[in-house]
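1. based on what follows, work out the 3D shape:
(2 chains)
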Amino acid sequence: MNEPLWSQRQQSTWKTKLGLAEMLKGGVIMDVTTVEQAQIAAEAGAQAVMALERVPADIRAQGGVARMSDPGMIAEIQKAVSIPVMAKCRIGHFVEAQILEALGVDFIDESEVLTPADDCYHVDKCRFRVPFVCGCRDLGEALRRIGEGAALIRTKGEAGTGDVVEAVRHLRALRDGIRRLTNLPSEELMNEAKTLGAPYDLVVEVSQTGKLPVPNFSAGGVATPADAALMMQLGAEAVFVGSGVFKSGDPVKRARAIVDAVAHYQDPARLVELSRDLGESMSGIASGGLDQQARLAGRGW
Amino acid sequence: MERVGIVAFQGDFARHAAVVSSLGALPIEVRTRGDLRLVDRLIIPGGESTTIGMLMEREELITAVRSRMESGMPVFGTCAGMILLADEILESEQPRIGGLAITIRRNAYGRQIESFETVLRAPAISPRPLEAVFIRAPVVEAVNGRAQTLAEYEGHAVIVRQGSVLGAAFHPELTDDPAVHRYFLAL
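-> Predicted structure coming up:
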């Protein structure tokens, strides 16, 4: 008899964690820094907000150490909107994660956008009741994070640039990795797990099912409705928009246009309407010109 | 083959589609009024009720669904979908379809860490206990008029039926037991 798959062996809370991730498919999660922005996001139809003190574009511009946001500021946003509120902790900073869990945030993003607190290890996410989302650049990284207990994966892209190229690269790399596994004979899977640096059981599950055991969203560089629809057509199941909305000329209009573009991502005629007269996009930084130090996606192990 | 529409803007519509297929019916994603015309019955999935309601309103799907309901189209809503079918949503002015004479309170169990799994009895739907996953779930505060309670949890209705309108406060689509969907397909 076949062994039950890895995700069938997880504890009961796994279903509620994964369940919330399932509920977030097909929508947009927006970075917000104030109550007013959170309300704009909710009224535009964002399905969740990410509460943080500085959007990635400002973290990039201002430099310094980026940490978990002030719990008081997150609590204000929790009070202001009825949709789920997410917040970020630093990679490996399990005490920030404990604080966010105690605060009752609905999802924790263990995020490369903040300055890592641990240069070897991520948070042991299985030990928390709150679900986590983590970034990845490829299949191995995604499966390591899921193995640690992440209930949702987002490809990283390059946050705060407004340049979608890294988001595309990471999503394609992840999906190529999944397709490759589905074609491998079972005797090659152990070696593949070694090469990927990924848990063997998860490698087996992906090779059998042809998909990650958790939803797969896209992040990092989406600035326009067309960018959002591109990520959806490439196979993302929802989109995180960081600096792209509130660093643009008309956030109210752009927020709504990006939400509608994700809802109607397969309808070019609608995308014409949604892309029209949006005012200025965030000016952005071409990510090809960033040196290694300035790249956030390289954080995470 | 029965064509079952699933409102597919946001939420776990793909999970519903998988259950519908497993029961031998044809799932159809509904995003426009044109899509709605193709279907015999409709599911409104779990997700964020404000987001789904807003996107339905932008497509004028709320009035279109209401008028199909008046001519007898069966509709099933889970969690967010049940909120959108409630005649009264406490402390909220959000767009809604209505059709179930219930009073509902959103996110009534608290935030995500209060989400839970349990087992329910619903003899009208299945002789076996139903696995139930509640995620940021609403609470039905009152069942009014002609609405009928088919299952309860801690004194609150969690499955309600009124004619051919069915609502569940939890997510039968997240479990392996298709009993609630089978019941809906027979309405």
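
2. quickly find the element holding A:Ala269.
-> Remark: A:Ala269 resides in helix A:268-275, with elements defined by DSSP states H and E.

3. oh, I was asking about A:Gly92
-> Using DSSP H and E, no element contains A:Gly92; it sits outside every helix and strand.

4. from chain B, how far off is it?
-> For A:Gly92, the distance to chain B equals 21 Å [Cβ to the nearest Cβ, to the nearest Å]. In this view, the C-beta of every residue, glycine as well, is placed from N, C-alpha and C.

5. now for the helix holding A:Ala269, which elements pack on it?
-> Judged by 3 or more Cβ pairs under 8 Å, 6 or more residues apart in numbering or on different chains; DSSP states H and E, helix A:268-275 is in contact with helix A:225-233, helix A:251-263.

6. quick one: pLDDT of A:Gly289?
-> pLDDT, A:Gly289: 83.

7. burial measure for it, as a count.
-> Neighbourhood size, A:Gly289 [other Cβ atoms under 10 Å in any protein chain shown]: 9.

8. next up, the contacts around the residue nearest to A:Gly162 when sequence neighbours are not counted.
-> Leaving aside its chain neighbours, A:Gly162 sits nearest to A:Gly284 (2.8 Å; criterion: Cβ to Cβ, 6 or more residues apart in numbering or on different chains). Applying Cβ atoms under 8 Å, 6 or more residues apart in numbering or on different chains, we find A:Gly284 in contact with A:Thr161, A:Gly162, A:Asp163, A:Ala223.

9. check contacts around the residue most central in space within chain B.
-> Compute the mean C-alpha point of chain B, and by Cα atoms, centre = their mean the closest residue is B:Gly77, 1.0 Å away. B:Gly77 sits next to B:Ile43, B:Ile44, B:Ile83, B:Leu84, B:Leu85, B:Leu100, B:Leu166, B:Gly167, B:Ala168 when contact means Cβ under 8 Å, 6+ apart.

10. which one of those residues is nearest chain A?
-> Nearest to chain A among these, counting by Cβ to the nearest Cβ, is B:Ile83 at 10.6 Å.

11. and A:Arg145, what does it touch?
-> A:Arg145 makes contact with A:Glu110, A:His122, A:Lys125, A:Cys134, A:Gly135, A:Cys136, A:Ile153, according to Cβ under 8 Å, 6+ apart.

12. the chain: helices as residue ranges?
-> No chain specified, so I'll use chain A. Taking DSSP state H as the criterion, chain A contains helices spanning A:13-23, A:35-44, A:56-62, A:71-80, A:94-103, A:139-147, A:165-182, A:189-196, A:200-209, A:225-233, A:243-246, A:251-263, A:268-275.

13. the intended chain is chain B.
-> In chain B, the helices defined using DSSP H lie at B:13-22, B:33-37, B:49-58, B:61-70, B:80-85, B:179-185.

14. and of those, who's closest to B:Arg128?
-> Nearest of the helices of chain B to B:Arg128, taken as Cβ to Cβ: helix B:179-185 at 7.3 Å.

15. how about the residues of the stretch 1-150 of chain A that lie near chain B?
-> Taking Cβ under 8 Å from any Cβ of the partner chain as the criterion, the stretch 1-150 of chain A approaches chain B at residues A:12, A:15-16, A:19-20, A:22-27, A:42, A:45-48, A:78, A:82-84, A:101, A:104-107, A:129-131.

16. which of the residues you listed are buried?
-> Using 16 or more other Cβ atoms under 10 Å in any protein chain shown as the burial test, the residues of the stretch 1-150 of chain A next to chain B include A:15-16, A:19-20, A:22-27, A:42, A:45-48, A:78, A:82-84, A:101, A:104-107, A:130-131 as buried.

17. spell out which parts of chain B neighbour chain A.
-> Proximity of chain B to chain A, by Cβ under 8 Å from any Cβ, involves residues B:8-15, B:31, B:46-48, B:50-51, B:54-55, B:58, B:79-80, B:92, B:106-107, B:110-113, B:115-117, B:133-136, B:171, B:174.

18. emit the PyMOL select command for whichever of those are buried.
-> To isolate in PyMOL the members of those that are buried, counting by 16+ other Cβ under 10 Å, one can use:
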select buried, chain B and resi 8+9+10+11+12+13+14+15+31+46+47+48+50+51+54+55+58+79+80+92+106+107+111+112+113+115+116+117+133+134+135+136+171+174
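
19. of the residues of chain B next to chain A, which belong to strands?
-> Judged by DSSP state E, strands contain the following of the residues of chain B next to chain A: B:Phe116, B:Glu117, B:Val133, B:Phe134.

20. beta partners for the first one?
-> The reference is to B:Phe116. B:Phe134 (DSSP bridges).

21. which residues touch residue 29?
-> Just going to use chain A. When contacts are counted by Cβ under 8 Å, 6+ apart, A:Ile29 touches A:Ala46, A:Gln47, A:Ala48, A:Val49, A:Met50, A:Met86, A:Phe217, A:Ala238, A:Val239, A:Phe240, A:Val241.

22. wait, chain B was what I had in mind.
-> Contacts for B:Glu29 (Cβ under 8 Å, 6+ apart) come out as B:Gly5, B:Ile6, B:Ala8, B:Phe13, B:Ala17, B:Asp35.

23. if we go to 7 Å?
-> B:Ile6, B:Ala8, B:Phe13, B:Asp35 (Cβ atoms under 7 Å, 6 or more residues apart in numbering or on different chains).
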